[in-house]
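A.B. asks: Dropping a prediction and its sequence here:
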2 protein chains.
Amino acid sequence: MTTAAILGVGTSLFGKQPDLHPSELVWRAVDEALRSAEIAPADLDAVYLGTVFGAPGVAQRALHALGVVGVPIITVENACASGTTALHEAAEAVRLGRWEHVLAVGVEKMTDQFAGAIHPESTDIEGRTGLALPSLYAMAATRYQHEYGLTDAELAMVAEKNHAHARFNERAQHRTPHTVEEILASRMIADPLTLLQCCPIADGAAAAVVGRTTPGRRSVTIRSSVLRSGRLWDHRSQHVWGFDVIRDTAAEAYELAGVAPSDIDVFECHDAFTIGEIVTTEAIGLAPVGEGARLLHDGHTRVGGPQPVNPSGGLLSRGHPLGATGLAQVAELTWQLLGRAGDRQVDGARLAVVETMGGGVAGIDGNACAVAVLEGPSA
Amino acid sequence: MTTAAILGVGTSLFGKQPDLHPSELVWRAVDEALRSAEIAPADLDAVYLGTVFGAPGVAQRALHALGVVGVPIITVENACASGTTALHEAAEAVRLGRWEHVLAVGVEKMTDQFAGAIHPESTDIEGRTGLALPSLYAMAATRYQHEYGLTDAELAMVAEKNHAHARFNERAQHRTPHTVEEILASRMIADPLTLLQCCPIADGAAAAVVGRTTPGRRSVTIRSSVLRSGRLWDHRSQHVWGFDVIRDTAAEAYELAGVAPSDIDVFECHDAFTIGEIVTTEAIGLAPVGEGARLLHDGHTRVGGPQPVNPSGGLLSRGHPLGATGLAQVAELTWQLLGRAGDRQVDGARLAVVETMGGGVAGIDGNACAVAVLEGPSA
């Protein structure tokens, strides 16, 4: 069995970029990824492209112009975990010896599709009754507050931390730091979640070239990669939230990699809304259930603390172009593990975990959860 | 290396079924596939679902209710080849030993999305200028007629044959036979293609359970499965059509299976428009370039002839629910190879080829082409 590695990564800028064609976003990400991997387009054996709302053919349209012709190109969708699903399929293909070099790329041009909130499909009964994602996350937050006494200010501390991180990420959508008070005072979206506690609508792309580990070459080893599906939110469920799918996926990824949560130096996780990071940090083993806010009070998950979470600014500040997000997380961790993260570098980072949740709401079982354990070069 | 096989198949009915939820279409196909494979939902290790316009989560929503929970569920898109892309990924996973039982399923609820023709995306420049698929195929037909002297009546003979086949397919959308004269007299859609030469808008689903070949068990062996991408239609191209991607994909599938086109007993191929079948039968080696119409004149590709093409009625008569089509083709060939095709049975069928074209136009390089060589049980 081959060990798969990330040979190069790249991203576009993130934010509202209505004038860019989806192909242009893809080109920026893929060009950077290929250059950093020192791989030519013609060396790619296959491509997985993650997108949620991308038009049919978005992958081929963009890749043909780059000279990626003839090889299998497969568009994958797994809601917000589409990008990490592309990485997972690429990593498995290399691990099983199916291909040598596989491109995983994610893209979303959300300003083409949505002037405001994402509108529900005609067959989506929950969505049509108002149970869009902000309200589902808000319900999860309210329930969590009821169960564990979390305050509104503690919720807002997640956004304060991630906005502070994004100050040093020149590709992030929102780079202005905000105090807890400012975050609480921003417009209410779905009580208790205010505007600055919700990830913004973004356009963007991100990419990773996956190949084999090669002695002497600085790359990021994929120690494990796990993809699971959860259960859709069910109005008959006795729990407004639960974090089973994240916990189970992370546990399997840790076990396959032979590591424990305490071994990990840096995380990127799915903070689509502030409550998401609190529930997720518990599910991936950084705090007992109900005690996630402690990680914010003692600076445990801040850059400079022992286990930074979302040094890129996370979905809350980098922006959340759905299909691109998972690979933007992977790009951030790759830069961290190669010591190329600039002013937001986590010192001595050697082990990293990426977690992406697709659909549902963090805490309520969703369509998919992807978790991978990544390891940087020793030297 | 394991040999992958189709252990069971199933489909919904095809046609306009606006009252059915996409999940209900999936349930009908998957339930039949699981029963015929004698596999329980809990025995599935993973699912690939092909759809083009299905809402995010269409896969999880349908499969959770069937008891398929926790395992990887990945939605794949490759335009009209989405269903065969799902089969290809499932077959490769079994072949490489990644999983034991994989469900490939395809679904499209077109009546939810399209009252009339498929409208182009805002970023699709060709589409917005009127170059939708019917006009692209019409241009391919006109060019072919100019080059090779094909008559309008010969074009219509494809539809006459496939409508005659569909008479015996109780799941097909259009089961009424039509004469060449009736086909030519139907409403003009894009000169020279009349209404009855264009595949209808359909709702439907189809599924296949892929697993290992087991001695003593009657299953359909996947002798080879190849997926390639082509080049998108390019307004600077000197050719209105070319069939390179189909020819190359088929050639590789034949070579991997160690067979020649003349060895194949029955075909399902991508007849989205009548010209498609003519160009495709040439590309897959049934006739020299420019001589595809001969196969219609001498009955070569009619059920009862030596190498029937589209015994199910094809896309033209069975209907074309985009993501479901590839697996509907596979279901038809599986029934043919197991001797279960009823009044449309191809006598003694042992080797079959499925070809699906995604995007572009048959003859113009498209987003994807999938070709698989299937073999029935010897006894």
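C.D. replies: Sure thing, it's come through.
A.B. asks: Please name the nearest non-neighbouring residue to residue A:256.
C.D. replies: Excluding the flanking residues, the one nearest residue A:256 by CB to CB, 6 or more residues apart in numbering or on different chains is residue A:224, at 3.6 Å. (C-beta placed from N, C-alpha, C; glycine too.)
A.B. asks: element containing the one you found?
C.D. replies: Assessed by DSSP states H and E, residue A:224 sits inside strand A:220-228.
A.B. asks: Give me the contact list for whichever helix or strand comes after that strand.
C.D. replies: Using DSSP H and E, the next helix or strand after strand A:220-228 towards the C-terminus is helix A:244-257. If you take CB atoms under 8 Å, 6 or more residues apart in numbering or on different chains as the criterion, helix A:244-257 is touched by A:223-231, A:260-261, A:279-280, A:283-285, A:353, A:355, A:357, A:362, A:365-366, A:369-373, A:375, B:70.
A.B. asks: Isn't residue A:219 up against residue A:5?
C.D. replies: Yes. Residue A:219 is within contact range of residue A:5, at 4.2 Å (criterion: CB atoms under 8 Å).
A.B. asks: what's the overlap in contacts for those two?
C.D. replies: With CB under 8 Å, 6+ apart as the test, residue A:219 and residue A:5 both reach A:211, A:213.
A.B. asks: how close does the residue nearest the centre of chain A get to residue A:208?
C.D. replies: Chain A has residue A:326 as the residue nearest its centroid, 3.6 Å off, counting by CA atoms, centre = their mean. Here the criterion is CB to CB, to the nearest Å. By it, residue A:326 lies 10 Å from residue A:208.
A.B. asks: related to what we said a few turns ago, count the residues that sit near the residue nearest to residue A:256.
C.D. replies: Residue A:224 has 21 neighbouring residues, counting by other CB atoms under 10 Å in any protein chain shown.
A.B. asks: need the residues of the stretch 151-300 of chain A near chain B, please.
C.D. replies: Residues of the stretch 151-300 of chain A lying close to chain B (CB under 8 Å from any CB of the partner chain) are A:227-232, A:245, A:248.
A.B. asks: if we go to 6 Å?
C.D. replies: A:227-229, A:231-232 (CB under 6 Å from any CB of the partner chain).
A.B. asks: on that earlier part again, part of a strand, is the residue nearest to the centre of chain A?
C.D. replies: No. Using DSSP: H, G, I helix; E, B strand; the rest coil, the assignment for residue A:326 is helix, not a strand.
A.B. asks: just to revisit the earlier point, may I see the PyMOL selection of the buried members of the residues of the stretch 151-300 of chain A next to chain B?
C.D. replies: Only the buried entries of these go into this PyMOL selection, using 16 or more other CB atoms under 10 Å in any protein chain shown:
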select buried, chain A and resi 227+228+229+231+232
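A.B. asks: before we move on, what SS does the closest residue to residue A:36 other than its chain neighbours have?
C.D. replies: The spatial neighbour of residue A:36 that comes closest, neighbours along the chain excluded (CB to CB, 6+ apart), is residue A:8 at 3.5 Å. Under three-state DSSP, residue A:8 falls in the strand class.
A.B. asks: Any regions of chain A where pLDDT drops low?
C.D. replies: A:1, A:115-126, A:232-242, A:360-365, A:379 (pLDDT under 70).
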